[in-house]
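Q: Sequence first, predicted coordinates after that:
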Amino acid sequence: MLKTVSFITENFGKYDPKSIDSYLSIGGFTAVKRALTMSSNEIIDMAKAASIKGRGGAAYDTGRKWSQAASVPGLNKVVICNADEGEPCTFKDRAIIENDPFRLLEGMIIAGYTVGAQNGYIYLREEYSHLRPLLINAIAESKAKGFLGQNILGSGFSFEIHLYSGAGAYVCGEGSTLIESIEGKSGRPRIKPPFIKECGLFQLPTLVNNVETLAIAAAALTHGIDDYIAFGTEKSPGSKIISLAGNVKKPGTYEIPFGLTIREIIYDIGGGITDDNELKFFQLGGASGSIGPASIVDTPYTYEDLGKVGLTVGSGGVLVVDDRTRVIDFVKSIQDFFIHESCGKCTPCREGNRQILRIVDRFVDGAQNPRDLETAERFAHIMSNCAFCGLGETAQSTLLSAIKYFPEEFEVKGGKLE
Amino acid sequence: MSSVNATTFEVLNKELAAKIDTIITNNANNSTKLVGILLEVQAIVPKQYLPLEIAAYISQKMNIPLSRIYDVISFYAALSDVPRADCVIQLCDSVVCKVTGNTVLKESLQELLGIKVNEITADGKYALEPTACFGACDIAPAIRVNGRVFGHLTSKEKVKKVLDNYK
Ligand SMILES: Cc1cc2nc3c(=O)[nH]c(=O)nc-3n(C[C@H](O)[C@H](O)[C@H](O)COP(=O)(O)O)c2cc1C
Ligand code: SF4
Ligand code: FES
């Protein structure tokens, strides 16, 4: 039985992403045309009714975010499309840009119209620089056809889109850091308040949305939301693009309705574990997400059910790991990532990560001290409570969930790992 | 931080300066485009890096303090103030590539190039750099060669085939 669905991804492979004519021939820009006949409030109500949770990781309600952005006073506002996609095991924004760049632009135009912004910025990670020509062309062609620029389709609404490049820094995916980077600076997060919705890029009120969030908005305006909310569960309506990878037979991006179990994702969609090995654990939402053991593989993939077992949807990464990998080696790999990506601005993250790495290294070698586990846990909690930004707050999700679900892997027996 | 020997390289000739001018003009001499400009310039400098003389040239052309240019260069992983190579090979060392077994890939690269990760071949042709996930996890284990992605590199033969494109 086919378990994937096609709403956000419906255009994938259906048109030539290099050509606006091709996009128009499949009904492209219906969403923008419809949006321009609606009021800002009507669009916000529609987003709220669809309960689209932000797909960048934080899962903030998009309708609510747009409503706040629209009510901030200001004649000059900014919409940013976050295409930094730095979370390991996440490549669904890449798939959207590769297959359907015009729908992304539609989502940005609609967001701009809804909140009253004149300028949109796409922040594309350096690692995706091969997708720049596709976006540059999509922006130029949309402008030539009057979907961007002054007085779009005679509506009186004007909107431009600018393309900016990242340069290899995971922390720049965080909203205020991304803004620093677009302003031409190094990427260190800003203190809040002021909140970026009031004072963000170039001191202007700023809305930041993920690529997928914007694509859903455009899809919802194209078709209405009934088909969308028919997917999923009562509390998690709709669908999500997941990035499935690791020790799984058919890695890739898949659009799934919320409510499939993780087992269905791994075995039915992903074709099972590589070489039919044993599933050991999986990690959801990238490096900043938690891991879950094979024993909870029947948990439904919804915000509410995952929450109950300490997991999150996050970016939609689903990393499958079989019994060839030791939990502690996995933790070490995540720890190395965060050491490399910590911007160094605050002490809990800069020093916490380093101290925890020393302990993790001892566990890897089986040479831990009796109090290492306790110390690592204490430091991890300090980080999640006191770090300056989301990077430090979530960096220890892997370690803490590993300790919770695989305590035996951290057991000290005469100073040696069992 | 700004490497001392960078001044001994005479990289900035007239032709390169003209190309840098074009990049700056194409970006409307806009200081907010600094990150992108530095990336574009780095891509056309031999050995793919930003020596002091070029950083200073951009600083002067764009009227941005040199300290700010170096703040940016030293912060971002994709920008380098030391010479790299003609062919920069980036090996993903993040978690998906790890669990799908990138040890074979790493060892094959080291063997075929005769260098270790974080080293450059004596002729300055190849650099082997570790890097964080670049979003090719669906074809892990993967590498990037001068920005181009190659995946499913599970054997020495496959790695060799990729490197043969960059002789
Ligand atoms: C360290 C860090 C990295 C992040 N990276 C990304 C990213 O690459 N892409 C993204 O959309 N959101 C990322 N986020 C989340 C953003 O801060 C923000 O919540 C999101 O872009 C908002 O869009 P959404 O509401 O549509 O999800 C990151 C957050 C943190 C703390
Ligand atoms: S938590 Fe980490 S990344 Fe965030 S500000 Fe502190 S040091 Fe920088
Ligand atoms: S983990 Fe290697 S490309 Fe994503």
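A: Done, it's in. Ligands and ions are numbered 1, 2, ... in the order given.

Q: Identify the residue spatially nearest to the residue most central in space within chain A, adjacent ones excluded.
A: Nearest residue to the geometric centre of chain A (Cα atoms, centre = their mean): A:G56, 2.7 Å. Of all residues not flanking A:G56 in the chain, A:N210 sits nearest, at 3.5 Å (Cβ to Cβ, 6 or more residues apart in numbering or on different chains). Bear in mind the C-beta positions are built from the backbone N, C-alpha and C, glycine included.

Q: need the contact list for the residue nearest to the centre of chain A.
A: A:N82, A:G173, A:V208, A:N209, A:N210, A:T213, A:S315 (Cβ atoms under 8 Å, 6 or more residues apart in numbering or on different chains).

Q: Which residue does chain B have closest to ligand 2?
A: B:F75 (11.2 Å; Cβ to the nearest ligand atom).

Q: For that residue, give me its contacts.
A: Contacts of B:F75 (Cβ under 8 Å, 6+ apart): A:A169, A:S186, A:G187, A:C343.

Q: How is the chain partitioned into domains?
A: Chain wasn't specified; assuming chain A. Domain segmentation of chain A under automatic domain parsing yields A:20-229, A:239-322, A:327-417.

Q: The intended chain is chain B.
A: Split by automatic domain parsing, chain B gives B:6-75, B:87-164.

Q: could you dump those domains to a markdown table with distance to A:G270 and mean pLDDT?
A: A markdown table is the format used below for these (distance: least, Cβ to Cβ, whole Å; pLDDT from 0 to 100):
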| stretch | distance to A:G270 | mean pLDDT |
| --- | --- | --- |
| domain B:6-75 | 35 | 93 |
| domain B:87-164 | 11 | 97 |
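
Q: ok, back up a step: can you tell me how far the residue of chain B closest to ligand 2 is from A:S288?
A: 20 Å (Cβ to Cβ, to the nearest Å).

Q: picking up where we left off before, could you give the bridge partners of the residue nearest to A:G56?
A: A:N82 (DSSP bridges).

Q: quick one: pLDDT of it?
A: pLDDT, A:N210: 98.

Q: repeat for A:E411
A: pLDDT at A:E411 comes out at 84.

Q: how many neighbours does it have?
A: 12 (other Cβ atoms under 10 Å in any protein chain shown).

Q: do A:D16 as well
A: A:D16 has 10 neighbouring residues, counting by other Cβ under 10 Å.

Q: picking up where we left off before, list the ones among the contacts of B:F75 that fall in strands.
A: Assigned to strands by DSSP state E, none of the contacts of B:F75 qualify.

Q: Filtering those residues by proximity to ligand 2, which remain?
A: A:C343 (Cβ under 6 Å from any ligand atom).

Q: So among the contacts of B:F75, which ones count as buried?
A: Among these, the ones that count as buried by 16 or more other Cβ atoms under 10 Å in any protein chain shown are A:A169, A:S186, A:G187, A:C343.

Q: just the residues you listed now: which is nearest A:D61?
A: For the buried ones among the contacts of B:F75, the closest approach to A:D61 (Cβ to Cβ) belongs to A:G187, at 26.7 Å.

Q: Now that closest one, what are its backbone angles?
A: A:G187 adopts backbone torsions of phi -100, psi 90, taken as degrees, to the nearest 10.

Q: And A:G27, by the same measure?
A: Residue torsions, per degrees, to the nearest 10, at A:G27 are phi 90, psi 20.

Q: Which helix or strand contains residue 64?
A: I'll assume chain A. Secondary structure from DSSP states H and E places A:R64 in helix A:62-71.

Q: same for that helix, what does it pack against?
A: Where contact means 3 or more Cβ pairs under 8 Å, 6 or more residues apart in numbering or on different chains; DSSP states H and E, helix A:62-71 is packed against helix A:40-50, helix A:101-115, strand A:206-210, helix A:211-223.

Q: okay, these in CSV with mean neighbour count and distance to A:C389 next?
A: Shown next, in CSV, are those (neighbours: other Cβ atoms under 10 Å in any protein chain shown; distance: least, Cβ to Cβ, whole Å):
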stretch, mean neighbour count, distance to A:C389
helix A:40-50, 18, 26
helix A:101-115, 27, 24
strand A:206-210, 27, 14
helix A:211-223, 26, 20
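
Q: export these to a markdown table and tack on distance to ligand 1?
A: Shown next, in a markdown table, are the helices and strands packed on helix A:62-71 (distance: least, Cβ to the nearest ligand atom, whole Å):
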| stretch | distance to ligand 1 |
| --- | --- |
| helix A:40-50 | 11 |
| helix A:101-115 | 10 |
| strand A:206-210 | 3 |
| helix A:211-223 | 3 |
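
Q: Any idea which of the ones you listed gets closest to ligand 3?
A: By Cβ to the nearest ligand atom (comparing all of these), the closest turns out to be helix A:211-223, at 17.0 Å.

Q: Could you look up the next helix or strand downstream of the closest one?
A: With DSSP H and E, the next secondary element past helix A:211-223 is helix A:226-229.

Q: Tell me which residues touch the closest residue to ligand 1 within chain B, please.
A: Residue of chain B nearest ligand 1, by Cβ to the nearest ligand atom: B:G135 (9.9 Å). By Cβ under 8 Å, 6+ apart, the contact list for B:G135 reads A:E85, A:T90, A:F91, A:R94, A:R125, A:E127, A:Y128.

Q: got it, and A:K235?
A: Counted by Cβ under 8 Å, 6+ apart, A:K235 has contacts A:T302, A:Y303, A:E304.

Q: and chain B, which residues reach ligand 3?
A: So chain B meets ligand 3 at B:C92, B:S94, B:V95, B:V96, B:C97, B:C133, B:F134, B:G135, B:A136, B:C137, B:A140, B:A142 (Cβ under 6 Å from any ligand atom).

Q: So the second one versus chain A, what's the distance?
A: Which is B:S94. 4 Å (Cβ to the nearest Cβ, to the nearest Å).

Q: Can you tell me the closest non-neighbouring residue to that residue?
A: B:C133 (3.6 Å).

Q: count of residues packed around the one you found?
A: Neighbours around B:C133, by other Cβ under 10 Å: 28.

Q: before we move on, what about the one 5 residues further on?
A: When counting by other Cβ under 10 Å, one arrives at 21 neighbours for B:D138.

Q: Quick check, it in contact with A:K250.
A: No - using Cβ atoms under 8 Å, B:D138 makes no contact with A:K250, being 9.4 Å away.

Q: Common neighbours of the two, please.
A: Residues within reach of B:D138 and of A:K250 at once, by Cβ under 8 Å, 6+ apart, are A:L244.

Q: Closest to A:T4 out of the residues of chain B next to ligand 3?
A: Distances from A:T4 to these, taken by Cβ to Cβ, are shortest for B:C137, at 18.5 Å.

Q: Quick check: buried residues in stretch A:284-299?
A: A:284-294, A:296-297, A:299.

Q: next one: that stretch to chain centre, how far?
A: Averaging C-alpha positions (Cα atoms, centre = their mean, to the nearest Å) puts stretch A:284-299 16 Å from its chain's average.

Q: Stretch A:377-386 vs ligand 2: in contact?
A: No - Stretch A:377-386 does not reach ligand 2 (Cβ under 6 Å from any ligand atom); its nearest approach is 7.7 Å.

Q: That stretch near ligand 1 at all?
A: No - using Cβ under 6 Å from any ligand atom, stretch A:377-386 stays clear of ligand 1, coming no nearer than 12.3 Å.

Q: which other residues reach that stretch?
A: Residues outside stretch A:377-386 that contact it (Cβ under 8 Å, 6+ apart): A:346, A:348-349, A:352-353, A:355-356, A:392-396, A:399-400, A:403.

Q: Determine how far the last residue of stretch A:250-263 lies from the first.
A: 14 Å (Cα to Cα, to the nearest Å).

Q: List the buried residues for that stretch?
A: A:251-263.
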